[in-house]
Structures are given as C-alpha cells and as structure tokens.
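# The following comprises the amino acid sequence and a computationally predicted model.
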Amino acid sequence: MAEWKDGIAKLTLPTPFPVGDVNAYLIKGDRLTLVDAGTKTPDAWESFKSQLAELKLTPEDIEQVILTHDHPDHVGLLDYLPSELEVYGHPLNERWINRTPEFESVHKKFYEKLFAQFGIPDQYFLSSLKVMKKTLVFSCDRSLTGTVREGDVPSALPGWRVIETPGHAQSHIVLLREKDGVMIAGDTILAGISPNPLLEPPLPGESERPKPLVQYNASLKKLLKYPIGLVYTGHGAEITELHGLIEKRIARQHDRAMQVRKMLEGKELTVFEICKLLFPSVYERELNLTISETVGQLDYLQSLEAISVREEGTAFVYTAK
C-alpha cells in the first residue's frame, strides 16, 4: 500500500519489460512533485491511479514531474497526465521523449555504422531496430517545459539538489535531499542487479559516441563523495549501504573486464565475436543489451590501455596488449 514516509511516497508500477516493476515517487515540496512516470500501458495507469487513491490523491493533484532519465519505463505515463503539467529533466531527455523524424534518421544511421564496426552480420540489423522501436512504443510524446543540470535546486523542491550521473542513460540525474542524505536514484544503482549502461548516438554537436560504462563507473565514484544514507531506486528495494555496494559493483565490473581481456590474449576478435563468447545462450535473443555490455567492457579496457584496436575493413578488431 502506498504511504508517506518523510515526505516521500513510493509507487510501484507494472511494466511489460523483463526488469519487472518500476518505481515512481511523490515528493511533498512547495508543489506536489512526481519523480518518474512509469510505462505507457493501461495496466500501469490503473495501478498509478489506484495507488494515488490510497494517498487520497488524483492525477490532477500532481503539480510537476521530474525525470531521472528518458527510458520508456520512466516516462511513458506522461502521455496520460494533464498536458499542462510542467515536466523537468536533463536537456538530453528531449530527443528521446519528443522524438523527431530527424532524430530517428540519425539514430538508424548511427546503428547501421555501429553494426558494421562491431562485425555484426547484416541479418541482425532489422530485428535489432525492431526491438528498439517496439520498446519506444511504451514511451511518450512529450516535451520538457524546463531543464535541470548539475548542482541545480529543482523547481519547488528546496533542500534537494541535482547530481548528473550519466552512464545507464546520457540524460541520467539523481536527486539528493541534503538535510538527511536521502537520494532518489532512478536506475543509477539498484539493489539486486547492475544497470546496463546503454549505447546511444553521439550527443548533439558531437561526432564520437559516448562510452557509457566508463561514464557509469565515474558516476558511481562521484556518488562516493556524498553523505548519502537511504537510496530510493528505480526498480526493487531501497539501499541503505550505498558506499559498500558501489565499491563491490566497481570491483566486480573490473574483474569481468579482466576476463574479457584474457579472452583477447593472442587473438584478434570483433565485438560480435566477443559478445558470443560472453553470452553464448542469450546473445541472439538479447542482442542490443549484450552488445552494449560487451562494448562497455571493451571501452573500459581501452581506458586502462589494456587492449588495442585496429580496423579491418569496416570492422574493428581487438586484442590484449
């Protein structure tokens, strides 16, 4: 049952995705604020209204929305909420929540080039795009009314501070309540699983793609500098021992990368070949996620100068140094 705890109420909403339920949060500020907005499905909307009713609220009582990031399971219900509602988030949400034909064309071209560079056979390209499009059906068609950046105090939430945490998404932020170290973390860190740092096209005005796993590690290390206590997450349970969990996750990821480096000793392999070795039973079914994970490990190893890469035709091949 939804209930208030120190001015925050957690709403747990169903999704059609393997990750399961997603969490959204209400904050009592100068305006009633919803942080994240679930997936665009009738089931999520009914669950949302029913949990608001437990708090003696209706959707019309919500006065503003803040997005932790742009993924469909966090933004979809914006399409069900009143159109005059103010929506805030990092500016990089905009290209995903209010997709234009230009962006969709850039997105497709980016993946065409990427698949060639990763050595992924052509037959996987259309099915991969289809999966991405299918996922975006659950997103929204909405525009930000205002933006928040590193260090900002969000509109109508005095005492809260924005921290940028790119990695899982380029648009990712967390909200920290400075008086008691309570953080609303979105998918920056989850209690049960490690979020997948997902590949995205280059940022506006740039030509190089972001390196999400390298960014993600930097975001986790950045959070170690803050006195964070209770963490409300985007999926699953709260976290109370954040610093220990971050150190464990970073160490585990480093170990996994070293296993990838071992695979490359005395060999030259493409991203696709490495992906098949890492995920032999699921790479075809979950190609987008497994390729993101594989590239992340390679980006990380390159940042340590532990591997080298060269072009062979249109593809890149990697080997251990």
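The structure has been received and is ready for your questions.

# quick one, helices of the stretch 101-250 of the chain?
101-117, 125-136, 212-223, 242-263 (DSSP state H, counting those that start in this stretch).

# Give me the mean pLDDT for the helix or strand following the last one.
Using DSSP states H and E, the next helix or strand after helix 242-263 towards the C-terminus is helix 271-278. Across helix 271-278, pLDDT averages out at 96.

# Stretch 100-108 too?
Here the average pLDDT along stretch 100-108 is 92.

# do stretch 301-309 as well
97.

# What of stretch 232-246?
Mean pLDDT, computed over stretch 232-246, is 98.

# Pull out the buried residues from that stretch.
232-236, 239, 242, 245-246 (16 or more other Cβ atoms under 10 Å). Heads up, the C-betas are built off the backbone N, CA and C, glycines and all.

# For those, give me CSV that also has distance to residue 139.
Listed next are the buried residues of stretch 232-246 as CSV, based on distance: Cβ to Cβ, whole Å:
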residue, distance to residue 139
232, 22
233, 21
234, 15
235, 17
236, 22
239, 27
242, 29
245, 29
246, 29
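
# before we move on, the earlier item: let me know which of the helices of the stretch 101-250 of the chain is tucked in deepest.
The highest average neighbour count among those, using mean count of other Cβ atoms under 10 Å, belongs to helix 212-223 at a mean of 20.

# can you list the domains in this protein?
Split into domains by automatic domain parsing, the chain comes to 4-98+139-240, 101-135+254-320.

# Deepest in the core, which of those domains is it.
Stretch with highest mean neighbour count among those: domain 4-98+139-240 (a mean of 19; mean count of other Cβ under 10 Å).

# residue contacts, residue 283?
Going by Cβ atoms under 8 Å, 6 or more residues apart in numbering, residue 283 touches 275-276, 290-291.

# I'd like to know which of the residues you listed is nearest to residue 112.
For the contacts of residue 283, the minimum distance to residue 112 (Cβ to Cβ) is 13.9 Å, reached by residue 291.

# Which secondary structure state does that closest one sit in?
Secondary structure for residue 291, judged by DSSP: H, G, I helix; E, B strand; the rest coil, is helix.

# That one: what's its closest spatial neighbour, skipping adjacent residues?
Distances taken as Cβ to Cβ, 6 or more residues apart in numbering put residue 275 closest to residue 291, at 5.6 Å, once the chain neighbours are dropped.

# Just the pLDDT for residue 63.
pLDDT recorded at residue 63 is 97.

# what's the answer for residue 130, then?
Residue 130 is given a pLDDT of 85.

# what bridges to residue 163?
Beta-bridge partners for residue 163, by DSSP bridges, are residue 174.

# Tell me who's in contact with the residue sitting furthest away from the middle of the chain.
Note on the chain: the largest C-alpha distance from the chain mean falls to residue 266, namely 34.8 Å (Cα atoms, centre = their mean). Applying Cβ under 8 Å, 6+ apart, we find residue 266 in contact with 319-320.
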